[in-house]
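Undergrad: The following comprises the amino acid sequence and a computationally predicted model.
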Amino acid sequence: MESSVALGRLELAPSSSAGGVPLTSRLPGGSQAHLNGCVPLSHQVAGHKYGVDKVGILQHPDGTVLKQLQPPPRGPREMQFYSMVYAEDCCDPCLLELQTYLPRYYGTWSSPDRPNDLYLKLEDVTRHFIKPCIMDVKLGQRSYDPYASQEKREQQIRKYPLMEEIGFLVLGLRVYKVCTDTFDSYDQHYGRGLVKDTLKDGLSKFFHNGVSLRKDAVAASIHRVQRILRWFESQHQLTFYASSLLFVYEGGMERKEVAEYNNNNIQVAEHWDYTPCEEDNSAWKQSHELQRPPNGNGNKSQLQGKDVDGEEAKGQGGDETETGAGDAEVEVRMIDFAHVFPSESQDHGYIYGLKRLLTVLEQILCDAA
Ligand SMILES: Nc1ncnc2c1ncn2[C@@H]1O[C@H](COP(=O)(O)OP(=O)(O)OP(=O)(O)O)[C@@H](O)[C@H]1O
Ligand SMILES: [Mg+2]
């Protein structure tokens, strides 16, 4: 229980940006730069958007993601959570394992001209991918925490009355369509429109590249979610409300030289050549692996074989051999911790949601067999 207590006790540390992070700008020419070269995150699929809402998510020139602190108590609570999980002297095995399911945390960041606007500096979970297909799924049986006002509770229930029964909600996604070399995007309204009978097909959209279902990505996602479920079943110290799982898989196929200019693939990216009617993704996987640089897409400073803190770049996808995960390179990470609280029991709502989500993913795979 020590770390639970710590979560309630942690004090706000003064802004301490991650030391030694290279600030080399790799933004393409002509991109609208503000806040010291930071720009709105181009591949954000849900949540508060910079320029639209009061707070939003930016991308730093070094490739990390900057999440602006929400007004208290949410922002400070999320910062305290990250500080606790990534505390240098942390030796709680439960939290050490939890680190592997979260984006890496590099402290806080603020722009010199606005030192009071704090941002959480986080690993960009999509950084290894060339054509990242991304989905944000909110987990749990309720989207409000125990301290929420009656008004907030009602508002959240109105948004998705099925949350309690279904246990998760798709907040947004984008999926790469190989034939057109474009992304199809779906916002929060898409997920809210899904009911029990349409959930499976609704979710399977994320894994469909316009020609075939990416069974390899479904299988690898299942494996990742199972690991997170095992962590939840083993821990009794934290409860998560309105927190999400961020799914990412590679949507691209084979490459040829073309430049793509967005702030996810900032330098020269490749064009993906697609052979229609390729039913089996294993063929894709083979050629993909042969041609892929060892560190993923090798674009940003965060991607040059090392993470910003100098460690070898290795996501959850890096341990396939050890764990026997599916074929695809897939990331499933927990994000959004504005409503995490100390607890003394299992997080039944989150576990319920994970199990329901697994059931639907397994059905998708089963139907495709
Ligand atoms: N570490 C990350 N790497 C890549 N993308 C991220 C990362 N963190 C967030 N995102 C993108 O930003 C979106 C919103 O993130 P998040 O849920 O943390 O913010 P939010 O919902 O606006 O926050 P809050 O609920 O605290 O107001 C995600 O759906 C995802 O697309
Ligand atoms: Mg969110």
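TA: That came in fine, so what should we check first? Treat the numbers as computed from the prediction; the structure is a model and nothing was measured. Ligands and ions are numbered 1, 2, ... in the order given.
Undergrad: need the residues of the stretch 1-150 of the chain near ligand 1, please.
TA: With Cβ under 6 Å from any ligand atom as the criterion, the stretch 1-150 of the chain meets ligand 1 at residues 41, 44-48, 57, 65, 67, 70, 74, 103, 122-126, 134, 136. Bear in mind the C-beta positions are built from the backbone N, C-alpha and C, glycine included.
Undergrad: Mind giving me the ChimeraX select for those residues, buried ones only?
TA: Restricted to buried positions by 16 or more other Cβ atoms under 10 Å, the ChimeraX selection for those reads:
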select :41,44,45,46,47,57,65,67,70,74,103,122,123,124,125,126,134,136
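Undergrad: Now intersect the residues of the stretch 1-150 of the chain next to ligand 1 with the strands, please.
TA: Taking DSSP state E as the definition of strands, those contribute 57, 65, 67, 122, 134, 136.
Undergrad: Closest one of those residues to residue 181?
TA: residue 134 (16.6 Å; Cβ to Cβ).
Undergrad: Could you check the pLDDT of that closest one?
TA: pLDDT for residue 134: 98.
Undergrad: Let me know the distance separating residue 159 from ligand 2.
TA: 13 Å (Cβ to the ion, to the nearest Å).
Undergrad: okay, now that residue: neighbour count?
TA: Applying other Cβ atoms under 10 Å, we find 12 residues neighbouring residue 159.
Undergrad: quick revisit: so which of the residues of the stretch 1-150 of the chain next to ligand 1 also contact ligand 2?
TA: residue 47 (Cβ under 5 Å from the ion).
Undergrad: can you list the ones in strands among the residues of the stretch 1-150 of the chain next to ligand 1 in JSON lines and add distance to residue 79?
TA: Compiled in JSON lines, these are given as follows (distance: Cβ to Cβ, whole Å):
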{"residue": "57", "distance to residue 79": "15"}
{"residue": "65", "distance to residue 79": "14"}
{"residue": "67", "distance to residue 79": "10"}
{"residue": "122", "distance to residue 79": "11"}
{"residue": "134", "distance to residue 79": "24"}
{"residue": "136", "distance to residue 79": "20"}
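Undergrad: Ligand 2: which of those residues is nearest?
TA: Minimum distance to ligand 2 across those is 6.3 Å, recorded for residue 136 (Cβ to the ion).
Undergrad: residue contacts, the closest one?
TA: 45-47, 170-173, 244-247, 335 (Cβ atoms under 8 Å, 6 or more residues apart in numbering).
Undergrad: Tell me which other helices or strands the strand or helix carrying residue 217 touches.
TA: Residue 217 is located in helix 215-234, with elements delineated by DSSP states H and E. Secondary-structure packing of helix 215-234 (3 or more Cβ pairs under 8 Å, 6 or more residues apart in numbering; DSSP states H and E): helix 93-99, strand 243-250, helix 281-291, strand 330-335, helix 348-368.
Undergrad: Average pLDDT for that helix, rounded please.
TA: For helix 215-234, the per-residue pLDDT averages 98.
Undergrad: next SSE after it?
TA: Assigned by DSSP H and E, the successor of helix 215-234 is strand 238-240.
Undergrad: What strands line up against that next one, and which way round?
TA: Sheet pairing for strand 238-240, assigned by DSSP bridges, gives strand 340-342 (antiparallel).
Undergrad: rewinding a little: Throw the contacts of residue 136 into TSV and include pLDDT, thanks.
TA: Output for the contacts of residue 136, formatted as TSV (pLDDT from 0 to 100):
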residue	pLDDT
45	98
46	98
47	96
170	98
171	98
172	98
173	98
244	98
245	99
246	99
247	98
335	98
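Undergrad: Adding distance to residue 350, write the residues you listed out as JSON lines.
TA: Formatted as JSON lines, those follow (distance: Cβ to Cβ, whole Å):
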{"residue": "45", "distance to residue 350": "20"}
{"residue": "46", "distance to residue 350": "18"}
{"residue": "47", "distance to residue 350": "19"}
{"residue": "170", "distance to residue 350": "16"}
{"residue": "171", "distance to residue 350": "15"}
{"residue": "172", "distance to residue 350": "20"}
{"residue": "173", "distance to residue 350": "20"}
{"residue": "244", "distance to residue 350": "11"}
{"residue": "245", "distance to residue 350": "10"}
{"residue": "246", "distance to residue 350": "15"}
{"residue": "247", "distance to residue 350": "16"}
{"residue": "335", "distance to residue 350": "13"}
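Undergrad: what's the spacing between residue 200 and ligand 2?
TA: According to Cβ to the ion, residue 200 and ligand 2 sit 23 Å apart.
Undergrad: no, scratch that, I was asking about residue 90
TA: 25 Å.
Undergrad: what about that residue, which helix or strand?
TA: Per DSSP H and E, there is no helix or strand for residue 90.
Undergrad: For it, the count of nearby residues, please.
TA: 17.
Undergrad: Now do the contacts for the residue in the stretch 151-300 of the chain that ligand 2 sits nearest to.
TA: Per Cβ to the ion, residue 244 is where the stretch 151-300 of the chain lies closest to ligand 2, at 5.1 Å. Applying Cβ under 8 Å, 6+ apart, we find residue 244 in contact with 46, 136-139, 171, 334-336.
Undergrad: Equivalent analysis for residue 251, please.
TA: 129, 131-133, 175-176, 178, 183, 209.
Undergrad: Make a markdown table from the residues you listed and add secondary structure and neighbour count to it.
TA: Below are these laid out as a markdown table (DSSP: H, G, I helix; E, B strand; the rest coil; neighbours: other Cβ atoms under 10 Å):
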| residue | secondary structure | neighbour count |
| --- | --- | --- |
| 129 | coil | 28 |
| 131 | coil | 27 |
| 132 | strand | 25 |
| 133 | strand | 28 |
| 175 | strand | 22 |
| 176 | strand | 24 |
| 178 | coil | 21 |
| 183 | strand | 17 |
| 209 | coil | 23 |
